[in-house]
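**Q** need a structure here:
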Amino acid sequence: MRKLKLQTQITVDGFTAGPNGELDWMTWDMDEKLSQYINSITDTSDTILLGRKMTEGFITHWTNVRKLPDDPGYEFAHKMMDKPKVVFTKTLEKSEWENTELAKGNLSDEINSLKKQDGGDIIVYGGAGFVASLISERLIDEFHLFINPAAIGSGMSIFKGLDSTQKLNLKNCTPYECGIAVLVYEKKDI
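**A** I've put the predicted structure just below:
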């Protein structure tokens, strides 16, 4: 069965964005080893999941980078745009984006159906509300938390709304020169 993997940037105090979506705390100058790690997660996944609110900015960003051969993210942009994407929405009626389909049904049913399909793993990038729903429903199999060297005091959390404790198994912890530490956790079987 395919795994659902979360890759997200997070502050040391547990926020994925500031109160108004601010990302000014993120470490943008990642080192080569961390970039290789990101590529390894992406390369083992053949489907990207996104919440509707994050989709437009995500797709617009990578579409623009894909037009700039001198941009350091040029090759990665092709990966982001060439992989099939599934956007979870209750409001959109059709997708305007290439390689993108909409999922409008029950979250657990849709995710479990995707997991049962043949193929590589599935990676989810967010946004915060969508990821919080996936965590609350215990649908994420692997957490790749990119802990940035910053604390912001308040903001958006992907762990809000849990109705009970979720225990995880630490699979790996790696610090990188740029100051980010990646913690990898697996869902603990209940």
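**Q** which residue is nearest the centroid of this protein?
**A** The residue lying closest to the centre of the chain (C-alpha atoms, centre = their mean) is residue 125, at 1.8 Å.
**Q** got a list of what that residue touches?
**A** Residues near residue 125 by C-beta atoms under 8 Å, 6 or more residues apart in numbering: 7-8, 48-50, 54, 58. Bear in mind the C-beta positions are built from the backbone N, C-alpha and C, glycine included.
**Q** now do residue 171
**A** Per C-beta under 8 Å, 6+ apart, neighbours of residue 171: 142, 184-186.
**Q** mind redoing it with 10 Å?
**A** For residue 171, the contact set (C-beta atoms under 10 Å, 6 or more residues apart in numbering) comprises 142-144, 183-186.
**Q** Cross these against strands and list the overlap.
**A** Assigned to strands by DSSP state E, the following of the contacts of residue 171 qualify: 142-144, 183-186.
**Q** From those, keep the buried residues only.
**A** Among those, those buried by neighbour count (16 or more other C-beta atoms under 10 Å) are 142-144, 183-186.
**Q** Quickly note the distance from residue 30 to residue 146.
**A** 9 Å (C-beta to C-beta, to the nearest Å).
**Q** contact partners of the longest helix seen in the chain?
**A** Across the chain, the longest stretch assigned as helix under DSSP state H is helix 52-65. The contact list for helix 52-65 (C-beta under 10 Å, 6+ apart) reads 21, 48, 50-51, 71-82, 85, 87-92, 95-100, 102-103, 124-131.
**Q** Only C-alpha atoms, please: export it in CSV.
**A** Provided in CSV are the C-alpha atoms of helix 52-65 (Å, rounded to 0.1, in the frame of the first residue of the first chain):
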residue,chain,number,x,y,z
ARG,A,52,-7.6,24.2,-2.2
LYS,A,53,-6.4,27.3,-0.3
MET,A,54,-2.7,26.5,-1.0
THR,A,55,-3.1,25.2,-4.6
GLU,A,56,-3.2,28.5,-6.5
GLY,A,57,0.0,29.9,-4.9
PHE,A,58,1.8,26.5,-5.2
ILE,A,59,1.0,26.0,-8.8
THR,A,60,1.6,29.6,-9.8
HIS,A,61,5.0,29.6,-8.1
TRP,A,62,6.2,26.4,-9.7
THR,A,63,4.8,27.3,-13.1
ASN,A,64,6.7,30.5,-13.0
VAL,A,65,10.0,28.9,-11.8
